[in-house]
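K.L.:
sequence first, then the predicted structure:
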Amino acid sequence: MKIVNVNKERQAWLDKGYEVFSYDREKMIRETRQDPEWVHFGAGNLFRAFQAVFCDKLLDEGVLNKGIIAVGGRDSAAIDDFFRRYDDLHIAVTLKGNGDVDKRVVGSIAESLKIEDTERLQEIFTKESLKVCSFTVTEKGYVVSESDTDEAFMAKVTALIHHRYLHGAYPLTLSSHDNCSHNGDVLKKAILFFAKRYEDEAFLNYVNEKVSFPISMIDKITPRPHKAIAGMLEEDGVEDLKDLSIDHYMSCFVNAEESQYLVIEDKFANGRPAWEKAGIIFTDRETVDKVEKMKVGTCLNPVHTSLAVYGCLLGHTLICDEMKDEELNKLARHVGYDEGLPVVVDPKILDPKQFIDTVINDRLPNPYMPDAPQRIAMDTSQKLPVRFGETLKAYLKKGEDITKLVYIPLVFAGWLRYLTGINDKGEAFELPSDPMLEELTPVMSRYHLGDSVRKEDILPILRNEKIFGVDLEKEGLADKVVGYLNEELQGVDAVRNTLKKYM
């Protein structure tokens, strides 16, 4: 069975237990390309497992008649390799905790483009029908600087918005679906950064008045395609995997967990597709803010990062295996329940205690979800201020003494220990990518097992609010972090012994 032949071989796919779209895809593609409503930037695994799937289901139900135009992120080669190669079709594999697997051939992507496909993108952006551009470009995708040229990704997106302004100035919504605090505000800041370069007050007014940037909270764990899933698909008779390196971060399939949440501020400038029919929650900004803080700052992301850092140090390669590790399971619970929940604000539409119960007891231990701590550990320097810094600020706002905290500073110490590039057995390991590695590793790689770190020597790191959200020295946490760090540097198995001591 070949993905591109899914219509011809429909019964064979159905016989193997796959869901296959039933709408007229060719008609959908024609109508979408003629009058597009939804463009998505950053067409990676999360997008293909979540937005593309719920759009596919809404097309099947007749709720929508337009699909998605997917635009690649920084890796434009992926559009050739994993979209156009398969006629913009892919397989979405949903892995449930009880071992059940749902498999669906997804056809909702009507067209795939590279950010370099300027002429076609300009044509799309002149269409009054265009309602929303969604984004999954990761936290670092919104980082801009004065050194960025017009070739920068966000500069090119801004150029498309400028083109729309010049050709009708129609309203538009730019909806970030990335895991970062107040993602819509972050996206707006990046767009305005480049918009100011046009030195056109009327264009800035257009961006501020006719383009909306709703904030959102998204949650769906989507690991890289796993060899075990590829093997399962091959056993079904899917032929497209045989000539493909599964070590790439993308494939003709995507695997993800069943749980998913998308809560969006109901602030759409040109209308929106009926996503609520797929369970997407639209609400006011204050409620989204509470949900986002609950998830990103308390109930999931801090737990994930804790497991990622210590998983790399202790040689784990699967998050689900870490949840079988007594010390790491306890660490996850302490970080979430003991030091996160006390300062969480209940958003009412999702219960924080139930949310974290599901994370700890069902989602992270799911043995059928092959997620790796090495993936989660990517860009940790960008994640710490949101995933832990906001919690520290919440304690400080309540007037509480954060030096009494045990587990959050232990995670900070673990991250600094991780930056040495030496695991708990004294072996070198490759650090996952992070934009601050060039700045941080020259400092931390000087330390080896048996060394002792003086606080003064790493004080610039400890005081960096961009990393930790607060100045650890000013708030009295620096000594505790350094103390933990030195315990974890004592020798082989020092990390494990330190965890045992404090768990």
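P.N.:
Thanks, I have the structure now.
K.L.:
every contact and neighbour count from this point should use C-alpha atoms.
P.N.:
OK.
K.L.:
which regions of the stretch 201-350 of the chain sit below the pLDDT cut-off?
P.N.:
242-248 (pLDDT under 70).
K.L.:
could you pull out the helices for it?
P.N.:
201-210, 227-236, 285-294, 301-314, 319-322, 326-333 (DSSP state H, counting those that start in this stretch).
K.L.:
which of these sits most buried?
P.N.:
Comparing the helices of the stretch 201-350 of the chain by mean neighbour count (mean count of other C-alpha atoms under 10 Å), helix 301-314 ranks first with a mean of 25.
K.L.:
which segments of this structure make up each domain?
P.N.:
3-283, 287-502 (automatic domain parsing).
K.L.:
residues contacting Phe355?
P.N.:
Cys299 (C-alpha atoms under 8 Å, 6 or more residues apart in numbering).
K.L.:
could you redo the last one with a cut-off of 10 Å?
P.N.:
294-295, 299-300 (C-alpha atoms under 10 Å, 6 or more residues apart in numbering).
K.L.:
ok, Thr498 next?
P.N.:
327, 410, 414, 484-490.
K.L.:
so which of those is the closest to Tyr23?
P.N.:
Glu327 (49.9 Å; C-alpha to C-alpha).
K.L.:
ok, so what distance separates the closest residue to Ser212 other than its chain neighbours from Ala70?
P.N.:
For Ser212, ignoring the flanking residues on the chain, the nearest one in space by C-alpha to C-alpha, 6 or more residues apart in numbering is Thr173 at 4.7 Å. Distance check for Thr173 against Ala70: by C-alpha to C-alpha, to the nearest Å, it reads 16 Å.
K.L.:
of these two, give the one with the bigger neighbour count.
P.N.:
Ala70 (29 against 22; other C-alpha atoms under 10 Å).
K.L.:
residues near the closest residue in space to Val4 that isn't next to it in sequence, how many?
P.N.:
Nearest residue to Val4 in three dimensions, chain neighbours excluded: Tyr86, at 5.5 Å (C-alpha to C-alpha, 6+ apart). By the measure other C-alpha under 10 Å, the count of residues near Tyr86 is 16.
K.L.:
which stretch of helix or strand covers the residue nearest the centre of the chain?
P.N.:
Note on the chain: the residue nearest the mean C-alpha position is Asn179, at 4.9 Å, using C-alpha atoms, centre = their mean. Counting by DSSP states H and E, no helix or strand carries Asn179.
K.L.:
assess the claim that it and Leu300 are in contact.
P.N.:
No: Asn179 lies out of contact with Leu300 (C-alpha atoms under 10 Å); the separation is 11.1 Å.
K.L.:
mind listing the shared neighbours of the two?
P.N.:
Asp219.
K.L.:
helix or strand next in line after the helix or strand containing Lys383, which one?
P.N.:
Assigning secondary structure by DSSP H and E places Lys383 in helix 380-384. Once helix 380-384 ends, the next helix or strand along the chain (criterion: DSSP H and E) is helix 390-397.
K.L.:
rewinding a little: dump the helix or strand harbouring the residue nearest to Ser212 to CSV, keeping only the CA atoms.
P.N.:
Per DSSP H and E, Thr173 falls inside strand 172-176. Provided in CSV are the C-alpha atoms of strand 172-176 (Å, rounded to 0.1, in the frame of the first residue of the first chain):
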residue,chain,number,x,y,z
LEU,A,172,-6.3,38.8,9.5
THR,A,173,-5.6,36.7,12.5
LEU,A,174,-2.2,35.4,13.4
SER,A,175,-2.7,32.6,15.9
SER,A,176,0.3,31.1,17.6
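K.L.:
list the strands paired with that strand, with their directions.
P.N.:
strand 132-135 (parallel), strand 211-212 (parallel) (DSSP bridges).
K.L.:
and whatever helix or strand comes next after it, what's buried?
P.N.:
The helix or strand immediately downstream of strand 172-176 is helix 183-195, counting by DSSP H and E. Neighbour-count burial for helix 183-195, with 16 or more other C-alpha atoms under 10 Å as criterion, is recorded at 183-195.
K.L.:
of these, which pair is most distant in space?
P.N.:
Asn183 and Ala195 (18.2 Å).
K.L.:
returning to that earlier point: just name the closest of the buried residues of helix 183-195 to Glu258, please.
P.N.:
Using C-alpha to C-alpha, the buried residues of helix 183-195 come closest to Glu258 at Asn183, 23.5 Å.
K.L.:
touching, the closest one and Gly141? I think so.
P.N.:
No: contact criterion C-alpha under 10 Å: Asn183 and Gly141 do not qualify, at 11.1 Å.
K.L.:
shared neighbours of those two, anything?
P.N.:
Phe135.
K.L.:
picking up where we left off before, if the residue nearest to Ser212 is in a bridge, with which residues?
P.N.:
Val132, Ser212.
K.L.:
tell me which stretches of the stretch 401-503 of the chain form helices.
P.N.:
Going by DSSP H, counting those that start in this stretch, the stretch 401-503 of the chain shows helices at 407-418, 437-444, 459-462, 465-468, 478-488, 494-502.
K.L.:
winner for burial among these?
P.N.:
By mean count of other C-alpha under 10 Å, those have helix 407-418 as the most buried, with a mean of 24.
K.L.:
that helix: how far from the chain's middle?
P.N.:
Here helix 407-418 is found 22 Å from its chain centre; the criterion is C-alpha atoms, centre = their mean, to the nearest Å.
K.L.:
low-confidence ranges in this protein?
P.N.:
Using pLDDT under 70, the flagged stretches of the chain are 242-248.
K.L.:
let me know the outermost residue of it.
P.N.:
Gly450 (36.5 Å).
K.L.:
ok, back up a step: just send the strands paired with strand 172-176 back as TSV, with mean neighbour count and distance to Pro367 too.
P.N.:
Output for the strands paired with strand 172-176, formatted as TSV (neighbours: other C-alpha atoms under 10 Å; distance: least, C-alpha to C-alpha, whole Å):
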stretch	mean neighbour count	distance to Pro367
strand 132-135	22	29
strand 211-212	22	40
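K.L.:
circling back: closest to Lys404 out of the buried residues of helix 183-195?
P.N.:
Distances from Lys404 to the buried residues of helix 183-195, taken by C-alpha to C-alpha, are shortest for Asn183, at 31.1 Å.
K.L.:
got the contact list for the closest residue to Pro365 other than its chain neighbours?
P.N.:
Spatial nearest neighbour of Pro365, excluding adjacent residues (C-alpha to C-alpha, 6+ apart): Cys320 at 4.3 Å. Listed by C-alpha under 10 Å, 6+ apart, the contact partners of Cys320 are 362-373.
K.L.:
the same query, at a cut-off of 8 Å, please.
P.N.:
Contacts of Cys320 (C-alpha under 8 Å, 6+ apart): 364-367, 369-371.
K.L.:
only whichever of the residues you listed are buried, select them in ChimeraX.
P.N.:
Provided next is the ChimeraX selection string for whichever of those are buried by 16+ other C-alpha under 10 Å:
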select :364,365,366,367,369,370,371
